[in-house]
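Q: The following comprises the amino acid sequence and a computationally predicted model.
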Amino acid sequence: MSNMTIPSQPKLRSSSQKNQERLSQWGLYLLVALFLFLTFVPVYVMLSMSFKDNSQIYTNFWGLPDPWRWGNYAQGFKNIGHYTINTVINSVASTVLVVVLSSLSGYVFARHRFPGKELFYFLIVGLLAIPGILTIIPAFVTVRQLGIWNTAWALILTWTSGGQVIGIFLARSFIAGLPEELFEAGRIDGATEFQLWYKVAVPLSWPILMTIAILHMVGAYNDFLWPLLVIGDDSKQVVSVGLTQFTSSFGVTEYGPQMASNVIASIPLLILFLFGMKYFISGITSGAVKG
C-alpha cells in the first residue's frame, strides 16, 4: 500500500487556473479591441465624410463614398492651407527654442552647484501647479505692452516660455541620471562646459529631448484660445482657429470640405509621430526606469 500512488487534485487545479487565465486574457483582448474600435470610429467617419457630398452623408452616412469626391481636399486645402503653414512655422520655431533652452537649463541644474539652485528649481517646477488659464490676462497685457500683438512672436515667445517648465523638469531629471564619469573625462580632455553640453549631454539625452519636442509640438499645434486672443489678422492665424472660421464662413452646408480640412490639418502631427515615435517611447520608458 505504501508504494501505491494516490491521484491528487493539483493537475485539476492547474488546468482550472489555465482556463481562467485564458478567459481573462480573452476578456482583456476583447476590451482592448472595443477601445480600439471606439477610437477609430471617429477617424473612419472623418475620412469617409471627407470624400462625400452632403447628399451622400445624409443618405449613406456609414457607407463608403460613391462616387469619391477628391475635389473636397482641393477646396479644403485652399481654405486652410495658409493656416496650416502658419501653424507649422510657429510651432516648429517654438519647439526648437524649447528643446535648446530646456536642455541647457536641465544641464545646468543637473551638473552644477550654485547658490539658490534648489530654490530656483522648486519655483520653476511649482509653476506646473498653476493652471494656464490664470496666466492668460497677464500674458496678454505683456504682449500688448511689448508691441508684438498680432505678430508671430506673440505665439512663439509665449509658447516657448510656457513649454520651458515641463521641458526643464524632464531634461534635468534625465541628465542627472547620466554617468558623471563621462563629464569628468571631458573636463580632463579640456572640454568647456558648452562643449560638454552639446557633445556629451545632448547626444545622450536625445530620447528625452525628442519627447519634449513632441509633447510641446502637439500642445502648440492644437492651441486654440491663445492664438484667438493675440492674432487678429486672418493671414497670420493658425489652423485651430482657422477651422472654426471655415465652419462659420461656409455654415453647415458642406461637410465634405470641412472634414477634408480636418484631415489636412492632422497630417503634420501624423508625420511628427511617424518619425519621432521611437525616440518618444524610448524617452518615456527611460524616464520611468530612472524614476
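A: Cool, got the structure.
Q: Would you map out the domains in the chain?
A: Domain assignment for the chain by automatic domain parsing gives 10-50, 71-290.
Q: And the ones you listed: which comes nearest residue 64?
A: Nearest of the domains of the chain to residue 64, taken as C-beta to C-beta: domain 10-50 at 6.7 Å. Any C-beta I mention is one placed from the backbone N, CA and C, and that applies to glycine too.
Q: Go through the domains of the chain and pick out the most buried.
A: Highest mean neighbour count among these (mean count of other C-beta atoms under 10 Å): domain 71-290, with a mean of 17.
Q: tell me the mean pLDDT over that one?
A: For domain 71-290, the mean per-residue pLDDT is 86.
Q: And the helices in the stretch 1-150 of the chain?
A: 10-50, 54-59, 71-111, 117-126, 136-146 (DSSP state H, counting those that start in this stretch).
Q: same check, this time on the stretch 151-291 of the chain
A: Ranges of helices in the stretch 151-291 of the chain, per DSSP H, counting those that start in this stretch, are 152-176, 180-188, 193-196, 202-204, 206-221, 225-230, 239-250, 255-290.
Q: I'd like to know which of these lies nearest to residue 40.
A: Counting by C-beta to C-beta, residue 40 lies closest to helix 255-290 out of the helices of the stretch 151-291 of the chain; the figure is 13.7 Å.
Q: Taking their axis directions, the closest one and helix 206-221 sit at what angle?
A: Orientation check (axes from the mean of the first three to the mean of the last three C-alpha atoms, to 10 degrees): helix 255-290 against helix 206-221 gives 150 degrees.
Q: Does helix 255-290 pack against any helices or strands, and if so which?
A: Secondary-structure packing of helix 255-290 (3 or more C-beta pairs under 8 Å, 6 or more residues apart in numbering; DSSP states H and E): helix 10-50, helix 54-59, helix 71-111, helix 152-176, helix 206-221, helix 239-250.
Q: May I see those helices arranged in JSON lines, with distance to residue 144 as well?
A: Compiled in JSON lines, these are given as follows (distance: least, C-beta to C-beta, whole Å):
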{"stretch": "helix 10-50", "distance to residue 144": "37"}
{"stretch": "helix 54-59", "distance to residue 144": "43"}
{"stretch": "helix 71-111", "distance to residue 144": "19"}
{"stretch": "helix 152-176", "distance to residue 144": "9"}
{"stretch": "helix 206-221", "distance to residue 144": "21"}
{"stretch": "helix 239-250", "distance to residue 144": "19"}
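Q: Which one of those helices lies nearest to residue 262?
A: So among those, helix 10-50 is nearest, using C-beta to C-beta, at 5.8 Å.
Q: what packs against that closest one?
A: Counting contacts by 3+ C-beta pairs under 8 Å, 6+ apart, helix 10-50 packs against helix 71-111, helix 255-290.
Q: Kindly reformat the helices of the stretch 1-150 of the chain as CSV containing distance to residue 176.
A: Formatted as CSV, the helices of the stretch 1-150 of the chain follow (distance: least, C-beta to C-beta, whole Å):
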stretch, distance to residue 176
helix 10-50, 36
helix 54-59, 54
helix 71-111, 4
helix 117-126, 11
helix 136-146, 30
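Q: Report the distance from stretch 75-91 to the chain centre.
A: 19 Å (C-alpha atoms, centre = their mean, to the nearest Å).
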